[in-house]
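Enquirer: below are the sequence and a predicted model; questions follow.
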Amino acid sequence: MKKIYLTCMAVAIAAALTAQPAPVQRSNVAGGGITVTNSVSTAPQSGVSDAKNAAYNIPFNPESTITSEHEVTIKGNKVPYKTTAGMMPVWDEEGKIQAGVFFTYYERTDIKDRAARPLVISFNGGPGTPSVWMELGYTGPRILTIDDEGYPVQPYGLRDNPHSILDVADIVYVDPVNTGFSRPINKDIPATRFFGVKADVKYLAEWINTFVSRMNRWASPKYLIGESYGTGRVSGLALELQNAHWMYLNGVILVSPTTLGIERAGPVEVALHLPYYAATAWYHKALAADLQIKDLTAMLPEVEQFTVNELIPAIAKGGFLDDTKRKEIAVKMARYSGLPEKVILQNNLDVSPSLFWKELLRDKGFTVGRLDSRYKGIDRKDAGESPDFNAELTSWEHSFTPAINIYLRDELKYKTDLRYYMFGPVSPWDRTGDKSGENLRQAMAENPYLHVLIQSGYYDGACDYFNAKYSMWQLDPSGKMKDRMSWEGYRSGHMMYLRKPDLETSNQSLRDFIRKTLPKPGEPAKY
């Protein structure tokens, strides 16, 4: 029987917030809470302006939670758990609330030793998208209803996730400001407080400190998992948590990582896409018969070797590459990409991903997806150099948007009139000074406990698998920490877990990674 509780403090605070425009300040009351005072306010606290509903203010409480109790069967074993969903504040230096950050926290309830229980802190990317994707698609105890390849089906809904990692770790899913239900407390809060590589990491590290303290999780082994832009976020957080909050991690998991600020301009940037092109062409049966007959993972090493040993040096010579050699390289690129040799030569061996998505199945009247190239789209015209839309993204929005609203509003009974932002207004995003990869390297160097796992989908064209490998190779040029880094590939795209077989194997990989990176009792963190 599910039990639901709305915190009494949240009810009282909500009434106080809407009764008068008094400022909200940080409380020194143990266990959290907010205090409404009568001092002069520099900004109204009664609500926040929803960017999509600018004509009126939609009030929300930046300090409110609702809890419920559930049970799920994971790998044949019953796992009882408590869910806490709600808002927790972000404060400024003066203790005034700047924003409410929405989270969903899953805590197994039959655990006797909470200190030894791992805690996984989960982020997605965008940078303007919430944690819905991995919460309802990957690691959480409830999962959206889709078909076995990840496509939408009706009726919309959810089911239990038999592969969730909740059996081995508690999980909190965090929605950064202006994603999901998270919002600034009012429209006058500077966007620079949240929307940038450095600002994002700074306030989220502060929020994590508050969460860990309130939930009494300082003793727990801790892990960060991020997907897409979230991989840069958690890479930066690993160092920020260590240096500014003295919080040390056991693991960082990078799902479909970005470039992490690691330089790869010029010939390297151009060439690294080819193995992904080969994987996608193989999936759509667009390769020569001798390549097509091979299994995907048996075919790709040949393409990877060509990319590193021949393609990069050839592109580096630019217009001075010998005509005979240029022809030879174009023939091989055509063979591995499924594209016409003529197209490759017309583009000087530099075929952009957008052109690839448009060209590969042009003669069949389809485009292929950016984030998952298994998906096909139909454009207004077959002509052109890029698709009209991302076929995979519209499919995912189709299935995830009703699922998360059903889950939070109906199942968990979190009541709000705020719109759930699948993609929120976070522009302009300040990307200056992105040293995410270097920050992660430094965090690993400072913390011998810290390990890194990278997961990629072979058909992801936005954060492709070979670029992920390249980032891993470049992350630690000394090679002294390579035994603490690992990479895995899956036969799907950006959200590889949407494919049923990969949902099981990728979750098991996370489970194994967590267990492997828990030190034995008394084992010191030292070199």
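Expert: Yes, it's here.
Enquirer: wait, what's in contact with residue 134?
Expert: If you count contacts by C-beta atoms under 8 Å, 6 or more residues apart in numbering, residue 134 has them with 122, 124, 140, 173, 225, 227, 255, 497. For glycine as for every other residue, the C-beta is placed from the backbone atoms N, C-alpha and C.
Enquirer: relative to residue 333, how far out is the fourth one?
Expert: Residue 173 sits at a distance of 41 Å from residue 333 (criterion: C-beta to C-beta, to the nearest Å).
Enquirer: just the first one next, same as before
Expert: Distance, residue 122 to residue 333, using C-beta to C-beta: 38 Å.
Enquirer: what do you get for the second one?
Expert: Remark: distance between residue 124 and residue 333 (C-beta to C-beta) = 34 Å.
Enquirer: of these two, who's got more company?
Expert: Neighbour totals were compared for residue 124 and residue 333, and residue 124 leads with 31 against 26 (other C-beta atoms under 10 Å).
Enquirer: that one reaches residue 232, doesn't it?
Expert: No: in this structure residue 124 lies outside contact range of residue 232 using C-beta atoms under 8 Å: 11.9 Å.
Enquirer: which residues are common contacts for the two?
Expert: In terms of C-beta under 8 Å, 6+ apart, residue 124 and residue 232 are both contacted by the residues residue 226.
Enquirer: list the buried ones in the longest strand along the chain?
Expert: With DSSP state E applied, the strand covering the greatest number of residues in the chain is identified as strand 77-91. Under the neighbour-count criterion of 16 or more other C-beta atoms under 10 Å, strand 77-91 has 79, 81, 82, 83, 84, 85, 86, 87, 88, 89, 90, 91 buried.
Enquirer: so what sits opposite the last one in the bridge?
Expert: So that's residue 91. residue 97 (DSSP bridges).
Enquirer: next one: the third one
Expert: With beta bridges defined as DSSP bridges, residue 82 has these partners: residue 69, residue 107.
Enquirer: residue contacts, it?
Expert: 67, 68, 69, 70, 106, 107, 109.
Enquirer: would you mind measuring from the third one to residue 337?
Expert: For residue 69, the distance to residue 337 under the criterion C-beta to C-beta works out to 53 Å.
Enquirer: out of those two, which sits in the more crowded spot?
Expert: The residue with more neighbours, out of residue 69 and residue 337 and counting by other C-beta under 10 Å, is residue 337; that gives 26 against 14.
Enquirer: for the more buried one, which non-adjacent residue is closest in space?
Expert: In space, and not counting its chain neighbours, residue 337 is closest to residue 277: 4.1 Å by C-beta to C-beta, 6 or more residues apart in numbering.
Enquirer: try residue 500
Expert: Here the residue nearest residue 500, using C-beta to C-beta, 6+ apart, is residue 148, at 4.2 Å.
Enquirer: please report how far that neighbour lies from residue 256.
Expert: Between residue 148 and residue 256 the distance, using C-beta to C-beta, works out to 20 Å.
Enquirer: these two: who's more crowded?
Expert: Between residue 148 and residue 256, counted using other C-beta under 10 Å, residue 256 has the larger neighbour count: 27 against 10.
Enquirer: ok, that one to residue 502 distance?
Expert: When C-beta to C-beta is applied, the distance between residue 256 and residue 502 equals 12 Å.
Enquirer: what's the answer for residue 63, then?
Expert: If you measure residue 63 against residue 502 using C-beta to C-beta, the figure is 38 Å.
Enquirer: helices and strands around the host helix or strand of residue 512, which ones?
Expert: Assigning secondary structure by DSSP states H and E places residue 512 in helix 500-516. With contacts taken as 3 or more C-beta pairs under 8 Å, 6 or more residues apart in numbering; DSSP states H and E, helix 500-516 sits against strand 251-255, strand 451-457, strand 485-490.
Enquirer: mind checking the end-to-end distance for stretch 376-394?
Expert: 11 Å (C-alpha to C-alpha, to the nearest Å).
Enquirer: flag every buried residue along it.
Expert: Of the residues in stretch 376-394, 377, 379, 387, 390, 391, 392, 393 count as buried by neighbour count, 16+ other C-beta under 10 Å.
Enquirer: which parts of the stretch 151-300 of the chain are helices?
Expert: Applying DSSP state H, counting those that start in this stretch to the stretch 151-300 of the chain gives helices spanning 197-214, 229-245, 267-271, 274-283, 289-292, 296-306.
Enquirer: do the same with the stretch 351-500 of the chain
Expert: Listed in chain order (using DSSP H, counting those that start in this stretch), the helices of the stretch 351-500 of the chain are 353-359, 391-405, 436-446, 465-475, 500-516.
Enquirer: so which of those helices comes closest to residue 199?
Expert: Shortest separation from residue 199 across these is recorded for helix 436-446, at 13.8 Å, computed as C-beta to C-beta.
Enquirer: tell me the buried residues in stretch 197-206?
Expert: Neighbour counts using 16+ other C-beta under 10 Å place 197, 199, 200, 201, 202, 203, 204, 205, 206 of stretch 197-206 among the buried residues.
Enquirer: next one: phi and psi at the residue of the chain most remote from its centre?
Expert: Summary for the chain: using C-alpha atoms, centre = their mean, the residue whose C-alpha lies farthest from the chain's mean C-alpha position is residue 324, with a distance of 44.2 Å. Summarising the backbone geometry of residue 324 under the convention degrees, to the nearest 10, its torsions are phi -60, psi -40.
Enquirer: how about the one 3 residues further on?
Expert: Comment: the main-chain dihedrals of residue 327 come out as phi -60, psi -40, following degrees, to the nearest 10.
Enquirer: alright, calling it a day.
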